[in-house]
Each structure stands twice: as structure tokens, then as C-alpha cells.
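Engineer: After the sequence you'll find the predicted model.
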Amino acid sequence: MVPAGEQLADWVARFVRIPSVNPLHAGARSGTPGERALAEEVADCTTGLGADEVVLDDVVDRRPNVYARFAGHTDALVVLDVHTDTVTVEHMVEDPFDGRVEHARVWGRGALDTKASLGVICALVESWRAAGLRPTPTLLVVGSIAEEAGGLLGARAFRRWADGLGLHVRQLVVAEPTELAPVYGHKGGVALRLTVLGRSAHSATPHLGENAIEAMAPVITALQAEHRRLLAGVPTTELGTGTLTVTRIDGGTGGNVVPDRCSILVGRRIAPGEDPDAEFERIAALAAAACPLPLEAVAVPAVDPGVRRGSPAFHQPATTPLVRDLAAWAGTEPAIAPFGTNALRYDGFADEKAVFGPGRIVDAHRERESVAIDELCATARVLTRWLAPH
């Protein structure tokens, strides 16, 4: 039983109207930033839809994940992970949270990325409950924080919670806009902040100082050479080689002061077979060797001792049963993705994984955001096949 498009759209619009901008993306138009209001709404909704257990798991700064379990006809556990945070709304040209349904689409921030999947699963459960149906496997719906920025903290917290309970996850679907093509692989990553430590002085007497910005220049040159070396390598999989990009630079305090600090952010995309901790050490050592002044390297975001400083690539065979089935049900082909997802925090966690959802990633994060109702209906049909309610 698949709900009508109107019911699916109403659920998606309901969630779009609740601002859940990631605090790292917050601005004047964000409303109250953070995912709490949406998590509490999802908790209330899933309780009303007959969830057997609903948990609000405060991850950080009163920003909770939400977990809703719906018992199935079997104990086999499947998970749908939908991140609840959105990117900034400051550049949007319309009311970012109006959730209007117009031109056969639902409009507003998060409609595509990824409240579409959240609305679809709630509409499905609602229709099954009305018909006295349950999914075949036990379904755990996860609303996770901090996917758009902040180090995938929600996915990490969910995994810690599930591991603490000894849960065995058979299949895990990470909701993202993939044009209904199940994604079976994308690169991992590690990010570093490199800081050169110099000594300030008056710019009229620069020889009395140590210019941190000038000292950073050969570091950036060395990092560019490392990126070229990576691209010249032979890829071991269809995901290609690793890459390295300097994404931000900060330094200096005034036009007449020799800068005593300069920092850059460096993003290293991790290909299959590469170890993020080893690549962190490699980049830190390369930068230190190129820098004429002392240099510090730290992981971004900061991690606790003993925690990996990045994520290995997400990669599995395209013939994995979950991937194969989702593609067959959707009428698409398995795919790889150029972007990262919560799947990076689930290495070795579930028997089978896939990234899947309606819409195109190129339409996300833009000045307008929407999802087509036809794609919500198609998603509902695929998830119904996956969960086989009866």
C-alpha cells in the first residue's frame, strides 16, 4: 500500500516548516538553529504512529538524534538514516520554511536534502497502521544531526548507541538525493588545520619578526604538488584517486603588523585502500618539512584520543543484494557519488549499506530547494518493496 502523492507531500511539508539549520550554517534567517525542534516533532509523530520505542539521544549542545523503532514480523533489523540538519538559508530567494506545495513539488529548505525521505517513511507507516499492516523486518528510523557540518556527529552517536545495545543491523539505507540510484561507494576524508607560528613586529621593521603568512606560502606549494602526485596515481577502484585541496586561509591582524599566525584548512579525500590516520600524518609531515617556521597540525573537527581522525572510503560491490534490489525496484542502475554522507561513519557496522533517495544532489544547497511529488511517490514504492508490509 503506497500513500497518495498528496499525503506524501503533506508529510514532507510538515517537516520543512520546522527550521533545522545546522548551527555551523546559522544566520539571521535561520530561526532557532539546530535540530532539536525537528527531532522532537519526529519523536511525537512516530509515537503517534505506533512506534514501539522512541528515543531522543542528546548528542551535543542539546541537539538530539531521534530513534523510532517499529517492530516487524521478524527480528531482522533494518535502518533508514535521515539527517535532520540543513545547510544555510541566508542566500535563499523565498521563504525558506514555507513548505508550500506548488507545481507538483514541495518547496523549502530541506525538502530535497533530506526531509523528503523522512516524510515518505512517516507517510508509509501512517498508511500501514491504518490498514493494520507491519513491515516484515523491524524498522529503525534514525534522524541524525550534524551531517551538513560538524563531522557527522549524529551518525557517530547513533552507531555508539546501537553498538552499546548490541544491535545487529542487516541493512542500512542512508537517505540522500541520488536520483533513486542506489549509491554503493564514495570517497572518505580527513580535514586538517595547519597553523604556522611566527613572531609579530612592526611592518616598518619586518626583520624583527617572523612572518607566518610568508612561511605558509611554501606549505601551500608543497600541498599543491601532493595533489598532483595523487592525481597521477593509478586508481584501484572506480572511485578514482585521492585528492587534496586547500579550502581556507586566515592570518594577520592589521596592515602594519607582521603576522604571527597563519592557518589553512586542508581537505584530503580518501580513496579505497587509503588510511585517513596515515594520510593525516603524511600531510602534517609534508607541511612541516616545507615550512621554515614551527607548524601545528590538528584534525578538524577535533576528535577524542583514540578516535580516528577521518573516515575511510565507503565502498562495497555494486552487486551487494541491497544495492541490486533498490536499483531493480527503482528502475535505475547502481552508482557512485562525488559527495560524502553518513555512510562514512558506518564502516563495518551493517551487513549491507546503500545511499538512496529522491532528487538530484546538484539541486541541493541552492537559492531555491524543492522535491517533485512524483519522486516522493517513486521513493514510497521502493521503500514499500524493501519493507514488505503485511
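Structural biologist: Nice, I can see it.

Engineer: in stretch 119-130, what counts as buried?
Structural biologist: The neighbour-count check on stretch 119-130 (16 or more other C-beta atoms under 10 Å) flags G119, V120, I121, C122, A123, L124, V125, E126, S127, W128 as buried. Placement of C-beta: from N, CA and C, glycine included.

Engineer: Show only the entries of those residues found in strands.
Structural biologist: Of the buried residues of stretch 119-130, none are assigned to strands by DSSP state E.

Engineer: Among those, which are located in helices?
Structural biologist: Here DSSP state H is the test, and those give G119, V120, I121, C122, A123, L124, V125, E126, S127, W128 as lying in helices.

Engineer: which residues in the protein form helices?
Structural biologist: 5-16, 36-48, 115-131, 153-164, 212-231, 276-290, 321-330, 373-387.

Engineer: Mean neighbour count, those helices: which tops it?
Structural biologist: Among the helices of the chain, ranked by average contacts under mean count of other C-beta atoms under 10 Å, first place goes to helix 115-131 (a mean of 24).

Engineer: Report the distance from that helix to the chain centre.
Structural biologist: 23 Å (C-alpha atoms, centre = their mean, to the nearest Å).

Engineer: Tell me which other helices or strands that helix touches.
Structural biologist: Other helices and strands packing on helix 115-131, by 3 or more C-beta pairs under 8 Å, 6 or more residues apart in numbering; DSSP states H and E, are helix 5-16, helix 36-48, strand 77-83, strand 138-144, strand 169-175, helix 373-387.

Engineer: Mind giving me the packing neighbours of the last one?
Structural biologist: Which is helix 373-387. So helix 373-387, by 3+ C-beta pairs under 8 Å, 6+ apart, packs with helix 5-16, strand 77-83, strand 105-107, helix 115-131, helix 321-330.

Engineer: the domain parsing of the chain - what is it?
Structural biologist: 5-186+313-387, 188-299 (automatic domain parsing).

Engineer: May I see these arranged in TSV, with mean pLDDT as well?
Structural biologist: TSV is the format used below for the domains of the chain (pLDDT from 0 to 100):
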stretch	mean pLDDT
domain 5-186+313-387	97
domain 188-299	97
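
Engineer: what's near enough to touch the residue nearest to V89 when sequence neighbours are not counted?
Structural biologist: Sequence neighbours aside, P96 is the residue nearest to V89 in space, at 3.8 Å (criterion: C-beta to C-beta, 6 or more residues apart in numbering). Contact analysis of P96 by C-beta atoms under 8 Å, 6 or more residues apart in numbering lists P19, R29, V89, G108, R109, E369.

Engineer: Now the residue lying closest to the fifth one once chain neighbours are set aside: phi and psi?
Structural biologist: Counting by C-beta to C-beta, 6+ apart, R109 lies nearest to P96, which is 4.3 Å off, once chain neighbours are set aside. Note on P96: backbone dihedrals following degrees, to the nearest 10 are phi -70, psi -20.
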